[in-house]
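[1] Sequence first, predicted model second:
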Amino acid sequence: MGVDRRTALRRVGLLVFAVNVCLAAAKAGVWYATGSLAVGSEAVNSLSDSAYSLVVVAGLYLTTQPPDFEHPHGHERIEPFVSLFVAAGVFLAAGGVLYSAVRSLLSPAPSAGGGSALAVGVLVGSAAAKLLLYRYCLRAGRRRDSPALVATAKDNRNDVLTAVAALVGVVGAAAGYPTLDPLAAVVVGVGILYTGYEIVRDNVGYLVGAAPPDDLREEILRRALDHPEVRGAHDVIAHYVGPEVDVSLHIEVEGEMSLNRAHAIETEVVESVRSIPAVDDVFVHVDPKELGEWKVDDAPGVPFTE
């Protein structure tokens, strides 16, 4: 892993943290000034975002450390755990927001605060900032194969929706419908819960060694079979180890070739497959094609043999 990836991930993490702190402070100030429960729930959401983005920064620092004696494959496998910590913080924030909203709805006189231009302004600004962060984090996360940044991007995307929901509550309160304010807070809470669910769903596969998408498996096979001296391939196994993919496969070559040439072919196939950005380690076993171990591939359009 090069310095470029470390620098890029840390820069994104620090930017997200700084924006979340600014938004939390702005929303808290407006909440104090207007009394809007919808804005208050957004302030809690941004405070939670600030806390977990700090954890993400620390986690990205650890995951981007170079390999060492105790971790010869690097530290990227920490990233899914960082993402699950993000999800835990998201769930806690959602619980707090929903508790406050339901309690307000059940009270005899829901709060009528929050219909000011100040509240509207902070929510519009928050939605705009979160939309930009979503696009930035998603692009960086996919480019750098970072599940922590992809999780952060999804949280920012849902923050846009919750800010819009809070905006509806604020405008509704100003129009004489105070119940819309706590109802908007409920929508915000549900949106936060869904964010946590998405993060858990996307990262559990990294931890349990799930198979990568079919198109990646097909690309692995194609690269192996593209070698002019490879006659077939079988027993292809690809699975996640952290956010990266480990691959093992058997290739068939002419049985009469020298050991030196077979070794050279193996090395060339390993290098070709390993050049796929999502792939980390590649293990290739060389078989003589005369053994007849060719098999039919389950993936459409990808032959195992000539």
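    Looks like it came in fine. Numbering: from 1, shown residues only.
[2] ok, which stretches of the protein are strands?
    232-241, 244-253, 279-288 (DSSP state E).
[3] Most tightly packed of those?
    Burial of these is given as mean neighbour count (mean count of other C-beta atoms under 10 Å); strand 244-253 ranks first at a mean of 21. C-beta: built from backbone N, CA, C; applies to glycine.
[4] in this protein, which spans are helices?
    3-34, 37-63, 79-106, 117-143, 147-174, 180-208, 214-225, 259-274 (DSSP state H).
[5] And the fifth one, what's buried?
    To tie it back to what came earlier, the one meant is helix 147-174. 147-174 (16 or more other C-beta atoms under 10 Å).
[6] again, but for the last one
    Buried residues in helix 259-274, defined by neighbour count with 16+ other C-beta under 10 Å: A262, I265, E266, V269, V270, S272, V273.
[7] okay if I get those as TSV plus pLDDT and distance to V236?
    Converted to TSV, the buried residues of helix 259-274 look like this (pLDDT from 0 to 100; distance: C-beta to C-beta, whole Å):
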residue	pLDDT	distance to V236
A262	91	19
I265	93	16
E266	93	15
V269	94	12
V270	93	14
S272	93	14
V273	93	10
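[8] which of the residues you listed lies closest to Y61?
    V273 (29.8 Å; C-beta to C-beta).
[9] How about that closest one, nearest residue that isn't a chain neighbour?
    Among residues not flanking V273 along the chain, V282 sits closest, at 4.7 Å (C-beta to C-beta, 6 or more residues apart in numbering).
[10] pLDDT score for that neighbour?
    On pLDDT, V282 comes in at 92.
[11] and what of L221?
    pLDDT for L221: 90.
[12] Please shift the residue numbers so they start at 51 in all later answers.
    Sure thing, new numbering starts at 51, so read that last one as L271.
[13] list the buried ones in stretch 73-87?
    Applying 16+ other C-beta under 10 Å to stretch 73-87 flags L73, A74, A76, K77, A78, V80, W81, T84, G85, S86, L87 as buried.
[14] residue contacts, the closest residue to the fourth one other than its chain neighbours?
    On the basis of C-beta to C-beta, 6+ apart, the spatially nearest residue to K77 that is not a chain neighbour turns out to be A93, at 3.7 Å. When contacts are counted by C-beta atoms under 8 Å, 6 or more residues apart in numbering, A93 is found next to A74, K77, A78, V80, W81.
[15] Quick check: mean pLDDT of stretch 133-146?
    Mean pLDDT, stretch 133-146: 78.
[16] hey, C-alpha coordinates of it in PDB?
    The C-alpha trace of stretch 133-146 is given here as PDB (Å, rounded to 0.1, in the frame of the first residue of the first chain):
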ATOM      1  CA  SER A 133     -17.300   0.700  10.100                       C
ATOM      2  CA  LEU A 134     -19.200  -1.400  12.600                       C
ATOM      3  CA  PHE A 135     -18.200   1.000  15.400                       C
ATOM      4  CA  VAL A 136     -19.700   3.800  13.100                       C
ATOM      5  CA  ALA A 137     -22.900   1.700  12.900                       C
ATOM      6  CA  ALA A 138     -23.000   1.400  16.700                       C
ATOM      7  CA  GLY A 139     -22.800   5.200  17.100                       C
ATOM      8  CA  VAL A 140     -25.400   5.700  14.500                       C
ATOM      9  CA  PHE A 141     -27.900   3.300  16.300                       C
ATOM     10  CA  LEU A 142     -27.300   5.100  19.600                       C
ATOM     11  CA  ALA A 143     -28.000   8.500  18.000                       C
ATOM     12  CA  ALA A 144     -31.200   7.100  16.400                       C
ATOM     13  CA  GLY A 145     -32.400   5.800  19.700                       C
ATOM     14  CA  GLY A 146     -31.900   9.200  21.400                       C
END
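[17] okay, now the domains of the protein?
    Domains of the chain are assigned by automatic domain parsing as 53-258, 264-341.
[18] Comparing these, which yields the minimum mean pLDDT?
    Among the domains of the chain, domain 53-258 scores lowest, at a mean of 78.
[19] Much appreciated, bye for now.
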